[in-house]
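Enquirer: structural data only, the sequence is not supplied:
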């Protein structure tokens, strides 16, 4: 890309560092509230199933916004759009600090998600644009440190903050970080992406809201309603029908709202499927682990965060290394290795009991985080490298949208599975019912991880990167 040649190394590094700081702040909030969830449930007197929408609803809203980012990135100047995304995110943070009830807190989280969706999609396109092909894997690896380590570090920090200062302090801290990032971006950002004049397809955007939102909301409602209830079945039906109309419309437009033809590339499609499965498991486990430590085992939020701390270190070490390895050996070995570790970590948790030390789960969490570091950003870098330059924004927006919505679905599904199994086994297992629910949930995650492994073994034919 031409941008990679025109920017100086200093300018490129400054833009990259600002992106990393911003993404650390925004990514932390995707999971920070999982540790704070018990305190929020208590304050607002709501159920776990309702409260989990602070995380899954955030992901859902971000997923709805992300298809829109393909249009925004190609239509509006980079600097103005980036600053707007940051400002929207900060507005959501301020509302969270002042929210007197759960509905307003949920609205604030949706605003945050809108800003986060813009920033996440933009960040990946910018990095892939400003770095030459031979350095993109390494750059995306370091970027992956922010988007993968931050959600895992967040429970550690959030646990300490909740126990000492209360859950609202989480948002005060994030406001401080993002305000600094906004000030820096004002002075260092340039318009590094090319723009074109195009008409906004309102019809496609509205259909995409019903499609992405309907499917995710319907699956999320499974935790509170029966499959045949209107809240689940009707919502899923609306989402699926809207998705069909959305796909048909995009394939018949000369300038589609979201270019779905990029899926014709086999390798890009495999990267999308792999990312969907990875996020499905990753976000589900990020919600389940704090519930296990605090609700089932009875430890504090701070201790819950500390159990996750070694996993944060694992991501910090693996993610940049995985980027360098990708530049040298390609995707196949990383895909297979990461998938194997993901299988081991999830299936092993099927065997823990109430007598098992929580540190056993902590060690297995390290294995899972190492797997995430091997897979997350290399999948994006590898997949988008098979897409034409002018469609990079569309490919990134599509991949990010689908994996984010998959994360929202995964959170709702796995919390629903755990609650369902625990409830229906309570009569026979008594006090052991909650841990049984946890066991079955992680077994299901293990089965999804096996699918990821099979894709790595049989789907990717060559060991070297050959766009």
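Expert: Looks like it arrived, so ask away. None of these values were measured; they are calculated from a predicted model.
Enquirer: remind me which residues of the stretch 51-200 of the chain are low pLDDT?
Expert: By pLDDT under 70, the low-scoring segments of the stretch 51-200 of the chain are 56, 59, 63, 147-153, 155-156.
Enquirer: one more: the stretch 201-350 of the chain?
Expert: Judged by pLDDT under 70, the stretches of the stretch 201-350 of the chain that qualify are 220, 222-224.
Enquirer: the same query, at a cut-off of 90, please.
Expert: 201, 209, 211-233, 235-236, 253-258, 282-331, 333-334 (pLDDT under 90).
Enquirer: tell me the buried residues in the helix or strand containing residue 62?
Expert: Using DSSP states H and E, residue 62 sits within helix 53-75. Buried residues in helix 53-75, counted by 16 or more other C-beta atoms under 10 Å: 53-74. For glycine as for every other residue, the C-beta is placed from the backbone atoms N, C-alpha and C.
Enquirer: between helix 53-75 and the next helix or strand after it, find me the angle.
Expert: Note on helix 53-75: by DSSP H and E, the next helix or strand toward the C-terminus is helix 78-98. Counting by axes from the mean of the first three to the mean of the last three C-alpha atoms, to 10 degrees, helix 78-98 lies at 160 degrees to helix 53-75.
Enquirer: give me the residues contacting helix 78-98.
Expert: 22, 26, 72-73, 104-105, 107-116, 118-119, 122, 126, 168, 171-172, 174-175, 178-179, 181-182, 185-186, 189-193 (C-beta atoms under 8 Å, 6 or more residues apart in numbering).
Enquirer: next one: stretch 414-424
Expert: 48-49, 52, 222-223, 284-285, 287-288, 291, 433-434, 436-438, 440-441, 444-445.
Enquirer: next, the buried residues of it.
Expert: Buried residues in stretch 414-424 (16+ other C-beta under 10 Å): 414-419, 421-422.
Enquirer: can I get those residues in a markdown table including distance to residue 316 and pLDDT?
Expert: Listed next are the buried residues of stretch 414-424 as a markdown table, based on distance: C-beta to C-beta, whole Å; pLDDT from 0 to 100:
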| residue | distance to residue 316 | pLDDT |
| --- | --- | --- |
| 414 | 25 | 89 |
| 415 | 27 | 85 |
| 416 | 32 | 82 |
| 417 | 30 | 88 |
| 418 | 29 | 90 |
| 419 | 33 | 86 |
| 421 | 34 | 91 |
| 422 | 34 | 90 |
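Enquirer: from those residues, which land in strands?
Expert: With strands defined by DSSP state E, no entry of those lies inside them.
Enquirer: quick check: of those residues, which lies closest to residue 451?
Expert: Checking the buried residues of stretch 414-424 against residue 451 with C-beta to C-beta, the nearest one is residue 414 at 15.3 Å.
Enquirer: give the burial count for the nearest residue to the closest one once chain neighbours are set aside, as a bare number.
Expert: Closest residue to residue 414 apart from its sequence neighbours, by C-beta to C-beta, 6 or more residues apart in numbering: residue 284 at 3.5 Å. Residue 284 sits with 29 neighbouring residues when counted by other C-beta atoms under 10 Å.
Enquirer: what does residue 246 give?
Expert: Counted with other C-beta under 10 Å, residue 246 comes out at 25.
Enquirer: how far away is it from residue 211?
Expert: 5 Å (C-beta to C-beta, to the nearest Å).
Enquirer: go ahead and confirm residue 278 touches residue 403.
Expert: Yes: counting by C-beta atoms under 8 Å, residue 278 does reach residue 403; the two are 7.2 Å apart.
Enquirer: narrow the contacts of helix 78-98 to just the buried residues.
Expert: 22, 26, 72-73, 105, 107-116, 118-119, 122, 126, 168, 171, 174-175, 178, 181-182, 185, 189, 192-193.
Enquirer: mind checking which of the residues you listed are in helices?
Expert: 22, 26, 72-73, 105, 107-116, 118-119, 122, 126, 171, 174-175, 178, 181-182, 185 (DSSP state H).
Enquirer: any idea which residue is closest to the centre of the protein?
Expert: Centroid-nearest residue in the chain: residue 404, 4.8 Å away (criterion: C-alpha atoms, centre = their mean).
Enquirer: right, and the helix or strand after the strand or helix carrying that one?
Expert: Applying DSSP H and E as the criterion places residue 404 in helix 392-424. Per DSSP H and E, the first helix or strand lying C-terminal to helix 392-424 is helix 426-429.
Enquirer: once you drop chain neighbours, what's closest to residue 131?
Expert: In space, residue 131 is closest to residue 139, 4.7 Å off (C-beta to C-beta, 6+ apart).
Enquirer: number of residues surrounding that neighbour?
Expert: Neighbour tally, residue 139, other C-beta under 10 Å: 22.
Enquirer: so it, which of the three states?
Expert: For residue 139, the assignment made with DSSP: H, G, I helix; E, B strand; the rest coil gives helix.
Enquirer: was I right about it contacting residue 19?
Expert: No: in this structure residue 139 lies outside contact range of residue 19 using C-beta under 8 Å: 10.0 Å.
Enquirer: shared neighbours, the two?
Expert: In contact with both residue 139 and residue 19: residue 127, using C-beta under 8 Å, 6+ apart.
Enquirer: pretty sure the residue nearest to the centre of the chain contacts residue 66?
Expert: Yes: Residue 404 lies in contact with residue 66 (C-beta under 8 Å); the separation is 6.3 Å.
Enquirer: list residues touching both of the two?
Expert: Counting by C-beta under 8 Å, 6+ apart, the residues touching both residue 404 and residue 66 are 117, 120.
Enquirer: distance of the closest residue to residue 12 other than its chain neighbours from residue 294?
Expert: Closest residue in space to residue 12, ignoring its immediate chain neighbours: residue 130 at 5.2 Å, by C-beta to C-beta, 6+ apart. From residue 130 over to residue 294 the distance is 42 Å, taken as C-beta to C-beta.
Enquirer: comparing these two, which residue is more hemmed in?
Expert: residue 130 (25 against 21).
Enquirer: dihedrals phi and psi, that one?
Expert: phi -90, psi -10 (degrees, to the nearest 10).
Enquirer: quick one: it from residue 398, how far?
Expert: 21 Å.
Enquirer: do the same with residue 14
Expert: Distance from residue 14 to residue 398, by C-beta to C-beta: 29 Å.
Enquirer: neighbour-wise, which of those two wins?
Expert: residue 398 (25 against 18).
Enquirer: what count of nearby residues applies to the residue nearest to that one when sequence neighbours are not counted?
Expert: Leaving aside its sequence neighbours, residue 398 sits nearest to residue 258 (C-beta to C-beta, 6+ apart; 6.0 Å). By the criterion of other C-beta under 10 Å, residue 258 has 26 neighbours.
Enquirer: then residue 337?
Expert: 18.
Enquirer: contacting residues for it?
Expert: So residue 337 contacts residue 374 (C-beta under 8 Å, 6+ apart).
Enquirer: what's the distance between it and residue 321?
Expert: From residue 337 to residue 321 the distance is 12 Å (C-beta to C-beta).
Enquirer: also residue 436?
Expert: From residue 436 to residue 321 the distance is 37 Å (C-beta to C-beta).
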